[in-house]
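Asks: Task: produce atomic coordinates for the following.
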Amino acid sequence: MYRQKKNIRSAIFRIYSSNTSNIDEMLRKCESLALKRYKYSQLKKITRSFKDELGEGGYGVVHKGSLQDGRMVAVKLLKGSKGNGEDFLNEVMSIGRTSHVNIVSLLGFCLDGSHRALVYEYMSNGSLQKHIYSESSKEAIGWGMFPRFAIGIAQGLEYLHQGCNTCIIHFDIKPNNILLDDELCPKIADFGMAKLCHLKESVLSMAEARGTVGFITPEVFSRGFGLVSTKSDVYSYGMMLLEMVQGNNDQKGKADSSSETFFPHWVWDNLARELHGSEAKYGTEEIVRRMTLVGLWCIQMNPESRPSMSRVIEMLERSMGELEMPPRPFLFSPVHSTTASSYASAQVMMSS
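Replies: Okay, the predicted model is just below:
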């Protein structure tokens, strides 16, 4: 019996030593990526005891902070993180290896006991959400910036899907997760969060979706619509394009006023009517139509019918005359009607 207990203690010690060794090695790799490790006490100092809150989401609370050299940072305190830190450090390294003008840069992290946090560059102009729905904001920056936002976000997603060592699917593309820097350059934030935060409820919960259909791709609800892939981000991006266009045209409210109107149907019908009944448009109107058409291609229910982000960029840079009208989006799956009906019911819940 004594020998058996001793063997168990030895096995536990070996596992603990192995885990500790793994974490030490990961921390060294983080240093090689120029990621600074912060203690929780340092984060309190940087943020003045977390005094200035920038926002809160499914993954945690973000606070404004200032480093010793005067640089402003955004400190995200994560919630729901578990384990000894290996999973956390794996994702930190994955995020830290990304480098793109349209991706928010990770500067450091905190792994201190139960505390987990990420330290990002500070985005002074807030989220895209604010600029879509604030009249004063839209007047200040002008409609002409929104096509630039659309292409910049698409380039950032293309990088995550194809430019990294391993493909990264964001899973939560929406205006709140697009941040703007001093020069109004759009940057994608919060990728990798789904793996970092093991919440009891899904971070892609219906409660967080907005609008008639929200930004959640159908295949997240059920495999009956297809497999989750990079095309899932394409769907969310397409819904965001439509929000950008309709937010600036102040038309979405007209569609939302009817409980029987499926927003993409309303957009498609409106675009088809315009293309059929009027002459070619130029300038702002042409840009609006192009962004709408690309958005409709992105939100096709069948993932295989959606373009890649590389293709999206090409389409955004072409003229309307070079683009085909997409099929009318359908609400119900032609293969799994029961599943699709459940999805439709979920959308009613989201819009209520």
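Asks: Return the distance of the residue nearest in space to the middle of the chain relative to Phe225.
Replies: Residue closest to the mean C-alpha point of the chain, counted by C-alpha atoms, centre = their mean, is Ile173 at 2.8 Å. Ile173 sits 17 Å away from Phe225, going by C-beta to C-beta, to the nearest Å. (Glycine included, C-beta is placed from N, CA and C.)
Asks: Show the low-confidence segments of this structure, by residue range.
Replies: Regions of the chain meeting the criterion pLDDT under 70 cover residues 1-21, 32, 81-83, 193-213, 248-262, 274-283, 330-352.
Asks: quick one on the thing from earlier: in terms of helix, strand or coil, where does the residue nearest to the centre of the chain fall?
Replies: Here Ile173 is recorded as coil under DSSP: H, G, I helix; E, B strand; the rest coil.
Asks: correct me, but it touches Leu241?
Replies: No: counting by C-beta atoms under 8 Å, Ile173 stays clear of Leu241, with 10.5 Å between them.
Asks: Only the C-alpha atoms, please, for stretch 300-308, written as CSV.
Replies: Presented in CSV, the C-alpha positions along stretch 300-308 are these (Å, rounded to 0.1, in the frame of the first residue of the first chain):
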residue,chain,number,x,y,z
GLN,A,300,-25.9,32.9,-49.4
MET,A,301,-27.2,30.1,-47.1
ASN,A,302,-25.1,27.5,-48.8
PRO,A,303,-21.5,28.1,-47.7
GLU,A,304,-20.2,26.8,-51.0
SER,A,305,-22.1,29.5,-52.8
ARG,A,306,-20.3,32.3,-50.9
PRO,A,307,-17.1,33.8,-52.3
SER,A,308,-13.8,33.6,-50.6
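Asks: Any buried residues in it, and which?
Replies: 300-303, 306-307 (16 or more other C-beta atoms under 10 Å).
Asks: what's Cys110 in contact with, if anything?
Replies: Neighbouring residues of Cys110 by C-beta atoms under 8 Å, 6 or more residues apart in numbering: 37-40, 42-43, 116-119.
Asks: Not counting its neighbours along the chain, what's nearest it?
Replies: Counting by C-beta to C-beta, 6 or more residues apart in numbering, Ala117 is the residue found nearest to Cys110 once chain neighbours are left out, at 3.9 Å.
Asks: Provide the count of other residues in contact range of the one you found.
Replies: The number of residues packed near Ala117 is 22, by other C-beta atoms under 10 Å.
Asks: one step back: excluding sequence neighbours, find me the nearest residue to the residue nearest to the centre of the chain.
Replies: Ser236 (3.8 Å).
Asks: wait, isn't that neighbour in contact with Pro175?
Replies: No: between Ser236 and Pro175 there is no contact under C-beta under 8 Å: 10.4 Å.
Asks: more neighbours, these two?
Replies: Set side by side, Ser236 and Pro175 show more neighbours around Ser236, with 24 against 21, by other C-beta under 10 Å.
Asks: for that one, what are its contacts?
Replies: 170, 172-174, 215-217.
Asks: Check which helix or strand it maps to.
Replies: Assigned by DSSP states H and E, Ser236 falls within helix 230-249.
Asks: same check, this time on Ser41
Replies: Short version, using DSSP H and E: Ser41 is in helix 40-46.
Asks: How about the very next helix or strand once past that helix, which residues are buried there?
Replies: Heading C-terminal from helix 40-46, the first helix or strand you meet, by DSSP H and E, is strand 53-57. In terms of neighbour count (16+ other C-beta under 10 Å), strand 53-57 has its buried residues at 54, 57.
Asks: Contacts for strand 53-57, please.
Replies: Residues contacting strand 53-57 (C-beta under 8 Å, 6+ apart): 61-64, 74, 127, 176, 190, 208.
Asks: Which one (most neighbours) among those residues?
Replies: Asp190 (27 neighbours).
Asks: can you map out the strands along the stretch 51-200 of the chain?
Replies: Here the stretch 51-200 of the chain has its strands, by DSSP state E, counting those that start in this stretch, at 53-57, 60-66, 72-78, 106-112, 115-121, 178-180, 186-188.
Asks: Kindly reformat those strands as CSV containing distance to Arg28.
Replies: As requested, the strands of the stretch 51-200 of the chain are arranged in CSV below (distance: least, C-beta to C-beta, whole Å):
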stretch, distance to Arg28
strand 53-57, 31
strand 60-66, 25
strand 72-78, 22
strand 106-112, 13
strand 115-121, 19
strand 178-180, 30
strand 186-188, 28
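Asks: in the stretch 201-350 of the chain, which spans are helices?
Replies: 218-221, 230-249, 252-256, 263-277, 284-298, 309-316, 337-351 (DSSP state H, counting those that start in this stretch).
Asks: Format the contacts of Ser236 as TSV; extra columns: distance to Ser99.
Replies: TSV is the format used below for the contacts of Ser236 (distance: C-beta to C-beta, whole Å):
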residue	distance to Ser99
His170	16
Asp172	21
Ile173	19
Lys174	23
Phe215	26
Ile216	28
Thr217	27
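Asks: out of those, who's nearest Asn270?
Replies: Nearest to Asn270 among those is Phe215, at 20.4 Å by C-beta to C-beta.
Asks: From Asp24, how far off is that closest one?
Replies: 40 Å.
Asks: Compare neighbour counts for these two and give me the winner.
Replies: Phe215 (24 against 9).
Asks: if I pick the more buried one, what's in contact with it?
Replies: 172-174, 209, 235-236, 239-240.
Asks: and if you look at Lys51?
Replies: His63.
Asks: Could you do Trp297 as well?
Replies: By C-beta under 8 Å, 6+ apart, the neighbours of Trp297 are 238, 305-307, 312, 315, 326.
Asks: Sweet, I'm off.
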